[in-house]
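Visitor: quick check, what structure comes out for this input:
(one chain, ligands or ions: 2)
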Amino acid sequence: MIIAIDGPAASGKGTLGKRLAEHYGFAHLDTGLLYRAVARALMDRDIPLTDRDAAAHAAQNLDVSHLEDDTRLRGAAMGEAASVVSAYQPVRDALLAFQRQFAARKPGAVLDGRDIGTVVCPDADVKLFITASPEERARRRHLELQRRGEQAAYETILEDIRRRDERDMSRSTAPLKAAADALTLDTTDLDADAAFDAALKMVESSRS
Ligand SMILES: Nc1ncnc2c1ncn2[C@@H]1O[C@H](COP(=O)(O)OP(=O)(O)O)[C@@H](O)[C@H]1O
Ligand SMILES: Nc1ccn([C@@H]2O[C@H](COP(=O)(O)OP(=O)(O)O)[C@@H](O)[C@H]2O)c(=O)n1
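Guide: Ligands and ions are numbered 1, 2, ... in the order given. Model (predicted):
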């Protein structure tokens, strides 16, 4: 069974993906980490993010082990950089096979990102599109960064989130959007537990 979760930045995709995977005993892949790692490979070598060939090369040679444990990948700068390199088609092409192999894991897999229901797993058993207002998403990300000791003003985070969403939605390759057969969950007024309960109901209703 495959559960595809898409949505804009800090909507709670990863949190839900992890909890749904634990609930069902499935594997979980936060696909944003792949794009973040491509961006980091360029930044570590002082290569500009506009160098498409270098980005494609980094994606083709990505070491996908240990991404989960890497706290630097989760910083605000890496999210912004990821959304630049993720717009390059050869970068997306290079990461597709790994994501599809992951999705084939037994007894099931949960993948979260921007194009899981539309491109990576168009035949997923369940597709969720998770949203929340930009202000609520910025509030959550602000808290998250503060907890990790990263200094950033709420207003700056809100601006970053708006800019990144716009870039992700307007790109020509695999733009952020809900699949036609996705169920949308707005978590603006739901805490993490309530969002999980609602998502679980959606999964149960679409698999039965
Ligand atoms: N429903 C919710 N209510 C409040 N905070 C949430 C909720 N869902 C997730 N969070 C918190 O918001 C932040 C972003 O969540 P995350 O799952 O990483 O989002 P995404 O994967 O969509 O970027 C995290 O700190 C997480 O703990
Ligand atoms: N399946 C995916 C996942 C992420 N991405 C890109 O990678 C960036 C970072 O994704 P992320 O999921 O780690 O970001 P957050 O939602 O955690 O802020 C996004 O802004 C997208 O540009 C993508 O293009 N496709």
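Visitor: shaky segments in the chain?
Guide: 208 (pLDDT under 70).
Visitor: close to ligand 1: what parts of it are there?
Guide: Proximity of the chain to ligand 1 (C-beta under 6 Å from any ligand atom) is limited to residues 7, 9-15, 140-141, 144, 187, 190-192, 195. All C-beta atoms are positioned from the backbone trio N, CA, C, and that covers glycine.
Visitor: for the protein, which residue is closest to the average position?
Guide: Gly113 (3.0 Å; C-alpha atoms, centre = their mean).
Visitor: any idea what it is bridged to?
Guide: Asp6 (DSSP bridges).
Visitor: could you measure from it over to Glu135?
Guide: Gly113 is 23 Å from Glu135, where distance means C-beta to C-beta, to the nearest Å.
Visitor: now do the contacts for the residue lying closest to Leu95 once chain neighbours are set aside.
Guide: Leaving aside its chain neighbours, Leu95 sits nearest to Leu34 (5.1 Å; criterion: C-beta to C-beta, 6 or more residues apart in numbering). By C-beta atoms under 8 Å, 6 or more residues apart in numbering, Leu34 lies in contact with Ala59, Leu62, Val64, Leu67, Leu95, Phe98, Gln99.
Visitor: tell me where this structure has strands.
Guide: Remark: strands assigned in the chain by DSSP state E are 2-6, 27-30, 109-113, 126-131, 183-186.
Visitor: for ligand 2, find the nearest of those.
Guide: Shortest distance between ligand 2 and the strands of the chain, using C-beta to the nearest ligand atom, is found for strand 109-113: 2.4 Å.
Visitor: is that closest one anywhere near ligand 2?
Guide: Yes. In terms of C-beta under 6 Å from any ligand atom, part of strand 109-113 sits within range of ligand 2, namely Gly113.
Visitor: list the buried residues of that strand.
Guide: Ala109, Val110, Leu111, Asp112, Gly113 (16 or more other C-beta atoms under 10 Å).
Visitor: so which residues make contact with it?
Guide: Here strand 109-113 has contacts from 1-7, 13-14, 16-18, 20-21, 24, 26-32, 99, 102-103, 120-121, using C-beta under 8 Å, 6+ apart.
Visitor: ok, which of these also contact ligand 2?
Guide: Restricting the contacts of strand 109-113 to those near ligand 2 - C-beta under 6 Å from any ligand atom - leaves Thr31, Gly32.
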